[in-house]
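Undergrad: Quick check, what structure comes out for this input:
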Amino acid sequence: MQYKTLGQTDIKVSLICLGTMTFGEQNTEQDAHQQLDYAVDQGVNFIDVAEMYPVPPKEETQGLTEKYVGSWLAKHKQRDQVILASKVSGPGMMPYLRAGPDLTAEHIKQALDDSLKRLQTDYIDLYQIHWPSRGTNYFGQLGYQQSSHSGVAIMETLSTLAELVSSGKIRHIGISNETPWGLAEYLKLAEQQQLPRIASIQNPYGLLNRSFEVGLAEMSEREQVGLLAYSPLGFGMLSGKYENGARPTGARLSLFDRFTRYSNPQAEQACDAYVKLARANGLSPAQMALAYVNSRSFVTSNIIGATTMPQLEENIASIDIKLSESICEEIEAIQQRIPNPSP
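TA: Numbers count the residues shown, from 1 in each chain. From the prediction side, this is the model:
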């Protein structure tokens, strides 16, 4: 396993992070514990959860992911050996959660206390804002227009997080699904007001969506706010299992109609090209796609997920794959032909 420093902190996180959003929906508690055991045995020390998980979000399952991770932590009693990241939800979804979540001081404090209880721990290493309160583009939205919805002021959110850092309930803070302006604003306020500095940004990044490279990648490098890359396989599209329109039994895109971000015609065309490139070079399509993300200098950790143990083993093993210069050149050629088909 390889490890990188999380922002300007003293924490070293594994380049492969275990994503858990299937725990409680597609994976049972026993499955979750098996995945956690294997990942940690392979050197993964970074686990990412969220209060809204599992996905797709439902009232009857909300919080199960954290509960499963919490029961695993209680079982092993080795809390200090893992870096645990969680997230507080922004507004606009889940009316059953605090009558509609937001990023006010009251909501953040309640969300954190609830997460700590489910996780059976008294602190979280990295606490992240899952998405902004203000009206802006995230989750693949295009056609930006200035929104009249300003949401909860970033200063209020950041001040609350600072209070929770001082209390010892969280060690460091991060953002997710953010824009260059949002990241810049968090950094500016932290410097001006002597508040905790953002350590990371968790945004989508992979062969089907490299939009992070425009604007945010430079900020990540220069400001030392590394990317925690999510959806590196585009909901599994880049694994090749959905090739030629296939929908395997039990797979995410077979079970849930809502996940269409990475399965439009352009994305399918791009996936076909990447899968063929991998196989022509004797590589697993999933490992080639993950190895590319692993190799980016602005990536602090690559958040992988799996619903089966063979998938998990294959994804973690991508850490040992080094792509040749010729394969990287062919990847860039595909990107030029079909740029960012799933923003």
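Undergrad: what element comes up after the worst-scoring helix or strand of the chain on mean pLDDT heading to the C-terminus?
TA: Within the chain, no helix or strand scores below helix 252-255, which has a mean of 69 by mean pLDDT, DSSP states H and E. Scanning forward in sequence from helix 252-255 by DSSP states H and E, the next helix or strand is helix 265-280.
Undergrad: any residues touching that following helix, and which ones?
TA: Helix 265-280 has contacts (C-beta atoms under 8 Å, 6 or more residues apart in numbering) with 207-208, 234, 237-238, 240, 242-243, 245, 284-285, 287-289, 327, 330-331, 334, 337-338, 341-342. Where C-beta positions appear, they are placed from N, C-alpha and C, glycine not excepted.
Undergrad: Out of the residues you listed, which end up buried?
TA: Among those, the ones that count as buried by 16 or more other C-beta atoms under 10 Å are 207-208, 234, 237-238, 240, 242, 284-285, 287-289, 327, 330-331, 334, 338, 341-342.
Undergrad: In the stretch 201-343 of the chain, where is pLDDT below threshold?
TA: Residues of the stretch 201-343 of the chain that meet the criterion pLDDT under 70 lie in 254-255, 258.
Undergrad: Between the two ends of stretch 48-60, how far is it?
TA: End-to-end distance for stretch 48-60, by C-alpha to C-alpha, to the nearest Å: 21 Å.
Undergrad: which residues touch the closest residue to residue 312 other than its chain neighbours?
TA: Counting by C-beta to C-beta, 6 or more residues apart in numbering, residue 312 lies nearest to residue 306, which is 3.8 Å off, once chain neighbours are set aside. Counting by C-beta under 8 Å, 6+ apart, residue 306 touches 22, 35, 312, 315.
Undergrad: Surely residue 306 is within a helix?
TA: No. Assessed with DSSP: H, G, I helix; E, B strand; the rest coil, residue 306 is coil; it does not lie in a helix.
Undergrad: hey, what's the residue nearest the centre of the chain bridged with?
TA: Closest to where the C-alpha atoms of the chain average out (C-alpha atoms, centre = their mean) is residue 230, at 3.6 Å. Going by DSSP bridges, residue 230 is paired in beta bridges with residue 204.
Undergrad: now it: how far from residue 311?
TA: Using C-beta to C-beta, to the nearest Å, residue 230 is found at 16 Å from residue 311.
Undergrad: Could you do residue 67 as well?
TA: 23 Å.
Undergrad: can you check residue 172 too?
TA: 30 Å.
Undergrad: More neighbours: these two, which one.
TA: Neighbours per residue (other C-beta atoms under 10 Å) separate residue 172 from residue 311, with residue 172 holding more: 24 against 18.
Undergrad: tell me the phi and psi of the more buried one?
TA: phi -140, psi 170 (degrees, to the nearest 10).
Undergrad: Confirm for me that it is in contact with residue 9.
TA: Yes. Residue 172 is in contact with residue 9 according to C-beta atoms under 8 Å; the separation is 5.2 Å.
Undergrad: Which parts of the chain are helices?
TA: 29-41, 64-76, 105-119, 154-167, 180-193, 216-223, 252-255, 265-280, 285-294, 309-316, 325-337 (DSSP state H).
Undergrad: how about the second one as PDB, C-alpha atoms only?
TA: Extracted in PDB, the C-alpha atoms of helix 64-76 (Å, rounded to 0.1, in the frame of the first residue of the first chain):
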ATOM      1  CA  LEU A  64     -27.000   1.800   8.500                       C
ATOM      2  CA  THR A  65     -23.600   2.200   6.900                       C
ATOM      3  CA  GLU A  66     -22.300   4.000   9.900                       C
ATOM      4  CA  LYS A  67     -23.900   1.500  12.200                       C
ATOM      5  CA  TYR A  68     -22.100  -1.400  10.400                       C
ATOM      6  CA  VAL A  69     -18.800   0.400  10.500                       C
ATOM      7  CA  GLY A  70     -19.400   1.200  14.200                       C
ATOM      8  CA  SER A  71     -20.100  -2.500  15.100                       C
ATOM      9  CA  TRP A  72     -16.900  -3.400  13.300                       C
ATOM     10  CA  LEU A  73     -14.900  -0.800  15.300                       C
ATOM     11  CA  ALA A  74     -16.400  -2.000  18.500                       C
ATOM     12  CA  LYS A  75     -15.600  -5.600  17.700                       C
ATOM     13  CA  HIS A  76     -11.900  -5.000  16.900                       C
END
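Undergrad: can you give me the end-to-end distance of stretch 133-151?
TA: Stretch 133-151 end-to-end distance (C-alpha to C-alpha) = 5 Å.
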